[in-house]
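**Student:** Here is a sequence together with a model predicted from it:
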Amino acid sequence: MEILDYDEERDFEAVHRIWIECGWISDDKDETDAMRGLIRVNDCIVLPVHGRAECAVMSTPGQIRHGDADLELGVVAAVTTSHVARRLGAAARLTAETLARQAESGAAVSALGMFEQGFYNRVGFGTGSYVNHFRFDPATLQVPKMSRPPVRVGPSRWRDVHGAMMVRRRGHGGVNLTTAERLEGLEMMPEHEWFGLGYEDGPDGTLSHFFWGEATDEHGPYRITLMAWQNDAQLFELLAAIAALGDQVSTVEMEEPPEVQFQDLLRQPFRNRGLTQRSKHESYQSADAWWQLRILDVAKCLEGTHLDAETVRFNLTLTDPVDGFLGSRQGWRGTAGDYTVTLGESSIAEPGRASGLPTLNASVGAFSRMWMGVRPATSLSLTDDLAGDDTLLKSLDKVLRVVPSPFVGWDF
């Protein structure tokens with residue numbers, strides 16, 4: 001089976017059918033047009049079966065922050081397989097090819113949103129950090145009252161929304177997606193389904209902070225899907241605008257901002273949870289790890305790693321399962337091999353082994369999780385493919401303790 005670059009004239013009808021079969025979209029004209037536009041602004045490859053595309057994978061560029069450094073990121077934005085191509089290895093093969101192309105274009109890291117844990121581990125991904133989700137009555141939000149009215153932020157302002165997302169405050173793990181046109185299609189809903197509010201405090205009155213999402217029915221639930229701010233005052237101004245919705249809206253869903261423990265801001269959260277249990281407007285808190293990541297270039301990732309901690313040096317033997325899905329292609333074939341690694345203020349990964357150093361044995365997925373601060377080395381040695389002597393594992397825990405849990409802040 002030959003992998004082909006997507007051609008709209010040849011492949012759109014087939015890929016559209018795949019998306020419908022996967023339940024991602026209906027045959028509605030607006031959804032079809034949004035899908036067409038989304039594919040046009042992403043890189044897409046397809047795998048034909050019986051002469052028609054039956055599997056398609058899209059990729060989009062971005063950055064991911066490690067500490068204070070931005071690293072080039074490739075996002076696997078959509079993996080879709082038709083009923084015809086199930087159990088043929090098509091999705092894994094196309095995803096592996098996408099990773100190779102991302103690496104060859106300069107990306108140091110790849111990330112994706114997973115449909116289920118385990119499948120993408122086959123090509124080297126490891127599970128990311130938990131994200132806290134809150135569903136609450138906005139009238140119970142205990143923040144200072146709104147001091148000025150916000151402006152509406154609608155679908156026509158997708159470029160302004162992208163600009164605000166790109167300059168928002170990002171901490172460790174924060175992701176930017178560089179292609180603004182993605183927001184024009186799938187991520188910005190039709191006018192009757194959206195709600196968005198924000199403030200224009202940027203240079204020349206540009207959008208500085210906002211939230212945007214989906215509105216359902218008169219009383220909600222409302223679901224906030226994008227949110228950007230540059231400082232604490234802007235964050236709390238947005239929370240005040242959300243609280244003001246409580247005059248009518250009974251339920252809002254959103255991710256917990258990384259700066260606060262959101263439960264601190266809710267009045268009687270346990271009482272409200274009990275009162276609303278099993279209702280349309282049920283209040284609750286949940287957490288899941290919906291995203292995964294993997295290193296594409298060990299040297300680039302370590303070069304961008306700066307830790308305010310004592311230096312640790314070790315040998316790393318890295319395995320990478322992606323090679324088995326790349327067929328006979330030339331070029332990038334994964335990250336497997338031996339490295340001499342230094343972690344500290346100046347970090348580096350050099351090919352080969354150094355005598356006298358302890359050895360860490362790890363899959364690329366497990367090592368990526370440790371490096372990004374998802375879980376400590378001692379924890380990963382219990383639940384993932386990572387092994388070393390106790391002294392080395394505890395030393396790695398200590399040096400990486402300064403890395404906070406990553407917060408993506410932009411769904412993909």
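**Tutor:** Done, it's in.

**Student:** So what are the sheet partners of the lengthiest strand in the chain and their directions?
**Tutor:** Assignment by DSSP state E gives strand 52-66 as the longest strand of the chain. Strand 52-66 has the following strand partners under DSSP bridges: strand 43-49 (antiparallel), strand 69-81 (antiparallel), strand 175-177 (antiparallel).

**Student:** Reformat those as a markdown table; add distance to K394.
**Tutor:** (Each C-beta comes from the backbone N, C-alpha and C, glycine too.) Compiled in a markdown table, these are given as follows (distance: least, C-beta to C-beta, whole Å):
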| stretch | distance to K394 |
| --- | --- |
| strand 43-49 | 42 |
| strand 69-81 | 26 |
| strand 175-177 | 30 |
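
**Student:** Next, format those strands as TSV and append mean pLDDT.
**Tutor:** Below are the strands paired with strand 52-66 laid out as TSV (pLDDT from 0 to 100):
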stretch	mean pLDDT
strand 43-49	97
strand 69-81	97
strand 175-177	98
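
**Student:** Kindly reformat those as TSV and extend each row with distance to C22 and mean neighbour count.
**Tutor:** Shown next, in TSV, are the strands paired with strand 52-66 (distance: least, C-beta to C-beta, whole Å; neighbours: other C-beta atoms under 10 Å):
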stretch	distance to C22	mean neighbour count
strand 43-49	14	20
strand 69-81	5	22
strand 175-177	22	21
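
**Student:** Which one, of these, ends up nearest to N272?
**Tutor:** Closest approach to N272 among those is made by strand 175-177 (31.9 Å; C-beta to C-beta).

**Student:** Tell me which strands the helix or strand that that closest one is followed by pairs with, and in which orientation.
**Tutor:** Per DSSP states H and E, the first helix or strand lying C-terminal to strand 175-177 is strand 194-199. Using DSSP bridges, strand 194-199 pairs in its sheet with strand 151-152 (antiparallel), strand 209-215 (antiparallel).

**Student:** Out of the helices and strands in this protein, which is least certain?
**Tutor:** When the helices and strands of the chain are scored by mean pLDDT, DSSP states H and E, helix 29-40 comes last with a mean of 89.

**Student:** Give me the buried positions along it.
**Tutor:** For helix 29-40, a neighbour-count test (16 or more other C-beta atoms under 10 Å) marks E31, T32, A34, M35, L38, I39 as buried.

**Student:** which one of those residues is nearest D288?
**Tutor:** L38 (24.6 Å).
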